[in-house]
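> need a structure here:
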Amino acid sequence: RKEYVDLYVNYIFNKSVQKPFEDFMRGFLRGCPARYWKIFFPEELQVCLQGHTRFDWHLLEKNVVYKQYKKLDQTIRNFWTVFHKLPEEKKKMFLAFLSGSDRITGYGQGCFRFCIADPQVENPDEVCPYARTCYFILYLPR
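Residues are numbered from 1 along each chain as shown. Coordinates of the predicted model:
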């Protein structure tokens with residue numbers, strides 16, 4: 001019985017996917033030659049491909065740039081008060097809303113900056129916050 005289980009597991013996890021994996025790997029290596037990946041340690045490569053998954057939310061707050069706002073404006077203070085009370089998953093959802101990803105890629109959180117801007121609309125109570133993900137801008141009505 002053990003031999004049968006071993007053969008079955010080997011088939012499911014290795015043999016059955018061998019050809020599709022080889023095809024994928026050949027195509028992947030055509031666009032991303034292996035010699036470029038060898039300069040990374042596995043942990044560094046994982047960060048390059050997946051981004052950072054642990055966050056210092058206070059560092060994120062510290063790195064924000066404000067346009068038409070000041071750090072001590074009531075709207076900004078309210079925003080950060082509410083933000084820091086959110087559970088971790090909701091904070092990641094905010095990051096995805098802001099940037100299109102729930103992770104911070106590449107250089108790390110110390111280099112990640114986003115902007116909170118006032119959209120300067122006539123009736124701010126009638127406008128929802130929105131983001132320009134390509135530019136990392138959160139438009140936050142007063």
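> Centre of the chain to the helix ranked longest in the chain, how far?
Ranked by residue count, the top helix of the chain under DSSP state H comes out as helix 16-31. When C-alpha coordinates are averaged (Cα atoms, centre = their mean, to the nearest Å), helix 16-31 and its chain have centres 27 Å apart.
> And for stretch 70-77?
That offset, for stretch 70-77, works out to 25 Å (Cα atoms, centre = their mean).
> Do me a favour and get the end-to-end distance for that stretch?
Start-to-end span of stretch 70-77 (Cα to Cα, to the nearest Å) is 10 Å.
> mean confidence score for that stretch?
Averaging pLDDT along stretch 70-77 gives 95.
> List the buried residues of that stretch.
Ile76 (16 or more other Cβ atoms under 10 Å). From N, CA and C alone the C-beta is placed, and that goes for glycine too.
> Residues contacting it, please?
By Cβ atoms under 8 Å, 6 or more residues apart in numbering, the residues outside stretch 70-77 that reach it are 66, 69, 116, 118, 140, 142.
> The protein: strands as residue ranges?
Using DSSP state E, the strands of the chain run over 65-67, 115-117, 130-132, 137-139.
> closest one to Arg30 among these?
Closest of the strands of the chain to Arg30 is strand 130-132, at 34.1 Å (criterion: Cβ to Cβ).
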